[in-house]
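Visitor: mind folding the following:
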Amino acid sequence: MTELLGVPKVGKSTFELALIRAALDGGTFLGEVALKTPVVLLTEERDTTLCQALGRAGVRHPDLHVLTRDRAGDVA
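Guide: Coordinates of the predicted model:
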């Protein structure tokens, strides 16, 4: 589990999506080969913002499981 913190507009989402893509595909991240694994993403992003970011990063994968903050309250 990882929490990524930082001031706005410094590249957190870009960094995070590159890591997620590498984990889902078993690709390279920061010069290292990532272990291919499913990913659970808990995010505070709105659905539309997240979908746009995922599309720009080319992240579409059946092993990506997203839980937004709005929906997390429904999980018991």
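Visitor: now do the strands in the protein.
Guide: With DSSP state E as the criterion, the chain has strands at 28-29, 32-33, 39-43, 64-68.
Visitor: show me what the first one is packed against.
Guide: Counting by 3 or more Cβ pairs under 8 Å, 6 or more residues apart in numbering; DSSP states H and E, the packing neighbours recorded for strand 28-29 are helix 12-25. C-betas here are computed from N, CA, C, even on glycine.
Visitor: for the second one, same thing?
Guide: Using 3+ Cβ pairs under 8 Å, 6+ apart as the contact criterion, strand 32-33 has no neighbours among helices and strands.
Visitor: poorly predicted segments of the protein, please.
Guide: 74-76 (pLDDT under 70).
Visitor: show me what contacts A72?
Guide: L42 (Cβ atoms under 8 Å, 6 or more residues apart in numbering).
Visitor: isn't T43 right up against H65?
Guide: No: here T43 lies out of contact with H65, judged by Cβ atoms under 8 Å, at a distance of 11.3 Å.
Visitor: the two: which has the busier surroundings?
Guide: Between T43 and H65, T43 has the larger neighbour count (other Cβ atoms under 10 Å), namely 17 against 11.
Visitor: compute the number of surrounding residues for the residue nearest to L42 when sequence neighbours are not counted.
Guide: Excluding the flanking residues, the one nearest L42 by Cβ to Cβ, 6 or more residues apart in numbering is L67, at 5.0 Å. Neighbour count of L67, defined by other Cβ under 10 Å: 13.
Visitor: contacts only, for L67.
Guide: L67 is in contact with V40, L41, L42, T43, V75, counting by Cβ under 8 Å, 6+ apart.
Visitor: hmm, back to that, using a markdown table, lay out the strands of the chain together with distance to G11.
Guide: Output for these, formatted as a markdown table (distance: least, Cβ to Cβ, whole Å):
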| stretch | distance to G11 |
| --- | --- |
| strand 28-29 | 14 |
| strand 32-33 | 19 |
| strand 39-43 | 16 |
| strand 64-68 | 20 |
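Visitor: looking at the ones you listed, which is closest to K12?
Guide: Closest approach to K12 among those is made by strand 39-43 (10.9 Å; Cβ to Cβ).
Visitor: lovely, talk soon.
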